[in-house]
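Enquirer: sequence-free structure coming up:
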């Protein structure tokens, strides 16, 4: 039996796949994603979408 590499545990997302630059960028700097907290690039928990934080603080258009 193989373990699931992505999903949720206790409602918190996890991703045990090898991190990639594209995935990191899509989680940490994604203008198209309205969420501030995105699933972790690697591990269990959340990353912060800095683009949305700056937009909401009105530091970025």
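Expert: Everything's here; your move. Keep in mind that what you see is a predicted model, and the values were worked out from it rather than measured.
Enquirer: now the helices for this structure?
Expert: Ranges of helices in the chain, per DSSP state H, are 21-28, 50-56.
Enquirer: out of those helices, nearest to residue 39?
Expert: helix 21-28 (6.8 Å; Cβ to Cβ). Any C-beta I mention is one placed from the backbone N, CA and C, and that applies to glycine too.
Enquirer: That closest one packs against which elements?
Expert: strand 37-39, strand 46-48 (3 or more Cβ pairs under 8 Å, 6 or more residues apart in numbering; DSSP states H and E).
Enquirer: Contacts only, for residue 36.
Expert: 48-49, 52-53, 56 (Cβ atoms under 8 Å, 6 or more residues apart in numbering).
Enquirer: so where's the protein uncertain?
Expert: 1-2, 60-61 (pLDDT under 70).
Enquirer: can you rerun that using 50?
Expert: Along the chain, segments meeting pLDDT under 50 are nowhere present.
Enquirer: Look at residue 17 and say how many residues are nearby.
Expert: 10 (other Cβ atoms under 10 Å).
Enquirer: Would you confirm that it contacts residue 40?
Expert: No: using Cβ atoms under 8 Å, residue 17 is not in contact with residue 40; the gap is 10.8 Å.
Enquirer: Dig out what residue 47 forms beta bridges with.
Expert: Beta-bridge pairing for residue 47 (DSSP bridges): residue 38.
Enquirer: Assess the claim that it and residue 27 are in contact.
Expert: Yes: the pair residue 47 / residue 27 is scored as a contact, 4.5 Å apart, by Cβ under 8 Å.
Enquirer: where do the contact lists of the two overlap?
Expert: Common neighbours of residue 47 and residue 27 (Cβ under 8 Å, 6+ apart) are 38-41.
Enquirer: quick one, what contacts residue 35?
Expert: 49, 52.
Enquirer: that older thread, let me have the helices and strands packed on helix 21-28 in TSV, adding distance to residue 8 as columns.
Expert: Below are the helices and strands packed on helix 21-28 laid out as TSV (distance: least, Cβ to Cβ, whole Å):
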stretch	distance to residue 8
strand 37-39	9
strand 46-48	12
